[in-house]
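**Q** here's a sequence, model it:
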Amino acid sequence: MSRSSARRGQVEPVAAIAAVFALGVGLTIYAGAVDDALPGTEPRNVAQPTLSAVEDAVETSGVIRPDRLSRVQSAAPAGRRLNVTLTAGDRRWTRGASPPESAQRASARVSIALGSGRVQPGRLTVRVW
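**A** Down below sits the predicted model:
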């Protein structure tokens with residue numbers, strides 16, 4: 001046997017650690033993709049993306065306009081019902097049917113235009129079922 005054949009198949013420790021790390025990362029990514037692709041028992045949370053879509057529909061220059069709430073039904077996910085509530089102080093605007101208790105909910109603090117040059121802090125809440 002030659003002297004070089006005794007070292008055949010050996011790997012430096014740093015290269016072996018890097019290979020094990022790469023394999024672990026690959027398996028983690030694969031498991032996450034499979035988990036997202038398979039149907040689960042827990043319903044997908046659609047309230048948060050719907051909140052973003054509603055904000056886009058009713059917001060002008062960073063301010064929510066209550067008179068634009070009529071546009072929110074187009075933001076409802078396909079096959080789902082939507083309720084949108086906008087509150088500012090003691091004022092309240094609502095669009096959509098009354099939601100059941102099991103409806104998914106998301107809300108965000110927003111600025112609400114109450115008239116020419118009048119802006120007040122408020123809350124935009126969406127419920128999806």
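**Q** CA atoms only: put stretch 29-41 into CSV for me.
**A** C-alpha atoms of stretch 29-41 as CSV (Å, rounded to 0.1, in the frame of the first residue of the first chain):
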residue,chain,number,x,y,z
ILE,A,29,-36.0,24.4,4.6
TYR,A,30,-37.5,21.3,3.0
ALA,A,31,-39.5,20.5,6.2
GLY,A,32,-40.8,24.0,6.3
ALA,A,33,-41.9,24.0,2.7
VAL,A,34,-43.6,20.6,3.1
ASP,A,35,-45.4,21.8,6.2
ASP,A,36,-46.7,24.9,4.4
ALA,A,37,-47.8,22.9,1.4
LEU,A,38,-49.8,20.2,3.3
PRO,A,39,-53.3,21.0,4.5
GLY,A,40,-53.5,21.3,8.3
THR,A,41,-56.1,21.1,10.9
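**Q** strands along this protein, start to end?
**A** Per DSSP state E, the chain carries strands over the ranges 59-60, 63-64, 82-88, 91-95, 104-115, 118-128.
**Q** okay, domains of the chain per the record?
**A** Annotated domains of the chain cover 3-37, 47-128 [automatic domain parsing].
**Q** ranking those by mean pLDDT, which is last?
**A** The weakest mean pLDDT among the domains of the chain belongs to domain 3-37, with a mean of 82.
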